[in-house]
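J.: quick one, what's the 3D model for this:
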Amino acid sequence: MDAQIVDSLNANRNHVQAALKHLALQKIVTIEPNRGAHSCQPTAREARKIFVARRAIEGAVVASITPQRVRQFEAQVNAHMAAAEKATRKSDRRAIVQELNSIHLLLGRISGNSMLSDILDNLMVRSSLIVALYQRNDEPTCQHREHREHRDILQALSAGEGEKAVKLMKHHLDHLAAELALEKDQDRRIDLKAVLASV
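T.: Down below sits the predicted model:
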């Protein structure tokens, strides 16, 4: 994988190897002696655990956001929501995933809690791997629903309805987990470049 990344990005091998070591610490790639790096293959059980962790972390993120914080980030929120809506209208799957993921990451920043935000960043990258492996439904209706649920969460936060926003976020994450085929482990090649581009 490292040679592939060096070639595709026209990057310095040392920089790529340092980046791969960082990704290995985040459990995004596995580095094996004499075999190089390859993307991790989370099991169905690990995938379920990631979504349990996301419910806890994103619940805490949303609970800590005040209407004042939402107002401070209003321009960024509006830009992200507009970009997600545009991508959904164009049925641009890659852009849709990137924009929908970016809302979760933005909420982490809005919370002002760098510990929660850092944990969420890692969970989002790992979730992207899981979606690449296990997503069963790529229908536009699911993408429209995700966008609508994000809007509802942000409206609740803007109105100071923190408890409602937490419930909406957990419900949203349950929807995302339900779209995954977690009955058995999947074993297929993942396009790591596409996964990393989505977060």
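J.: every contact and neighbour count from this point should use C-alpha atoms.
T.: Will do.
J.: so where is this protein shaky, pLDDT-wise?
T.: Regions of the chain meeting the criterion pLDDT under 70 cover residues 1-11, 137-142, 186-199.
J.: farthest residue from the center of it?
T.: Outermost residue of the chain with respect to the C-alpha centroid, by C-alpha atoms, centre = their mean, is residue 34; its distance is 31.0 Å.
J.: what about the most centrally placed residue in the chain, which SS state?
T.: For the chain, residue 124 is the residue whose C-alpha lies nearest the centre (C-alpha atoms, centre = their mean; 3.2 Å). At residue 124 the chain is in helix, as set by DSSP: H, G, I helix; E, B strand; the rest coil.
J.: domains of this structure?
T.: In the assignment given by automatic domain parsing, the structural domains of the chain cover 2-40, 44-185.
J.: tell me the most buried of those?
T.: Stretch with highest mean neighbour count among the domains of the chain: domain 44-185 (a mean of 18; mean count of other C-alpha atoms under 10 Å).
J.: which residues touch the closest residue to residue 113 other than its chain neighbours?
T.: Nearest-residue entry for residue 113: residue 61, 7.8 Å, with adjacent residues in sequence omitted and distances by C-alpha to C-alpha, 6 or more residues apart in numbering. Taking C-alpha atoms under 8 Å, 6 or more residues apart in numbering, we find residue 61 in contact with 107-108, 111, 113, 116-117.
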